[in-house]
Structure formats: C-alpha cells, structure tokens
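*Asks:* Structure here, sequence nowhere to be found:
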C-alpha cells in the first residue's frame with residue numbers, strides 16, 4: 001500500500017524549513033505531495049507557476065515527492081489523491097493553536113483524515129516565508145535559509161521592485 005501524505009501551504013516562497021519538514025515526513029509516508037494553495041485571501045509575491053517551479057527544483061532529488069497546485073478544501077484534495085494524512089510543521093507554541101483548530105476542522109469534515117505535526121530542525125525553527133521576504137527586501141543575507149534558486153528569484157524580484 002502506498003501511504004500518501006500531503007504537505008499543504010502557500011510556500012511564498014519555500015524555505016529550507018519547509019524542505020526539512022517534507023524530507024522528514026518521508027519517514028512516515030511513501031509519497032509526499034507538496035500541495036501549493038492558490039489562496040485567494042493572500043497576495044503572494046510569487047505567482048503559482050513560479051512557486052511550483054521553485055518547489056519542483058528544490059525537491060528534484062526527492063524521488064517520492066510530487067508538487068502540485070490545488071484549490072478548494074484540503075480534505076477534498078486529499079480524497080481525490082487517496083491520501084492518508086496532512087503534514088504540518090510547528091515552529092513554536094504560537095503555531096499550535098491555529099494548527100490545532102485547522103486539524104480539528106479537517107477531522108470534522110472527514111473523520112478519516114489525520115494530521116501529523118512535525119517540529120522543524122533547530123536551525124530552521126524561526127523561519128517563515130514572511131521573514132525571508134522581509135530580509136530579502138532589504139538586501140539581507142538569506143543564503144542557507146532558502147534553496148539557491150529561491151534566493152536568486154528573491155534577489156531578482158526585489159531588484160526589479162519600484
């Protein structure tokens with residue numbers, strides 16, 4: 001049986017913290033789908049195509065990782081993919097309340113869906129895409145915090161910004 005896990009997010013952009021969670025989740029699932037949300041409530045820096053490209057490039061050595069965009073309810077997406085669980089990272093206690101509420105709502109919508117919470121490695125425990133974008137916007141060093149392609153794309157975005 002191929003156990004499929006889904007790691008959802010907006011990934012605007014993907015960080016080494018995200019990749020740490022994806023890589024470590026492969027211990028629990030045979031296949032992990034990085035599901036990129038087209039969240040209409042957010043105004044991403046990178047469009048969906050750019051985010052998919054950066055994630056695909058960043059996971060190219062992980063042969064059992066797939067990268068896709070999705071719309072709508074996450075539980076519906078899991079059903080379509082015949083997935084067994086949701087993978088979420090918890091950086092700090094401040095993440096827990098929101099993530100627990102989401103996990104409970106997903107379980108309310110579909111009793112068969114479980115959420116697996118993973119703690120990031122210590123060196124990535126403070127990283128968020130927002131922090132990365134803020135540092136990059138001021139020309140700060142983000143090397144080692146994001147994959148090389150992401151660092152280049154961020155530098156290009158902010159160099160061309162008005």
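*Replies:* All right, it came through fine. This structure is a prediction, so every number in the text was calculated from the model and none was measured.
*Asks:* where do the strands sit along this structure?
*Replies:* 4-9, 31-37, 65-70, 85-89, 114-118 (DSSP state E).
*Asks:* what's the closest of those strands to residue 105?
*Replies:* Of all the strands of the chain, strand 114-118 sits nearest to residue 105, with 10.2 Å by Cβ to Cβ. In short, each C-beta sits where N, CA and C put it, glycine included.
*Asks:* and the closest one, average pLDDT?
*Replies:* Summarised as a single mean, pLDDT over strand 114-118 is 96.
*Asks:* What are the buried residues along it?
*Replies:* 115-116, 118 (16 or more other Cβ atoms under 10 Å).
*Asks:* Check which helices and strands that strand sits against.
*Replies:* helix 16-25, strand 85-89, helix 93-109 (3 or more Cβ pairs under 8 Å, 6 or more residues apart in numbering; DSSP states H and E).
*Asks:* Out of these, which is closest to residue 150?
*Replies:* Comparing the helices and strands packed on strand 114-118 under Cβ to Cβ, the one sitting nearest is helix 16-25, at 9.0 Å.
*Asks:* Which other helices and strands does the closest one contact?
*Replies:* The contact analysis (3+ Cβ pairs under 8 Å, 6+ apart) places helix 16-25 against strand 4-9, strand 31-37, strand 85-89, strand 114-118.
*Asks:* can you put the ones you listed in a markdown table and add distance to residue 43?
*Replies:* Shown next, in a markdown table, are the helices and strands packed on helix 16-25 (distance: least, Cβ to Cβ, whole Å):
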| stretch | distance to residue 43 |
| --- | --- |
| strand 4-9 | 16 |
| strand 31-37 | 13 |
| strand 85-89 | 23 |
| strand 114-118 | 27 |
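*Asks:* Nearest to residue 70, out of these?
*Replies:* Taking Cβ to Cβ, strand 31-37 is the member of those nearest to residue 70, at 4.8 Å.
*Asks:* That closest one packs against which elements?
*Replies:* For strand 31-37, the packing partners by 3+ Cβ pairs under 8 Å, 6+ apart come out as strand 4-9, helix 16-25, helix 48-58, strand 65-70, helix 74-81.
*Asks:* Relative to residue 133, which of those is closest?
*Replies:* Here helix 48-58 is closest among those (Cβ to Cβ), at 12.6 Å.
*Asks:* What is that closest one packed up against?
*Replies:* Using 3+ Cβ pairs under 8 Å, 6+ apart as the test, helix 48-58 ends up in contact with strand 31-37, strand 65-70, helix 148-159.
*Asks:* So which of the ones you listed is the most surrounded?
*Replies:* strand 31-37 (a mean of 23; mean count of other Cβ atoms under 10 Å).
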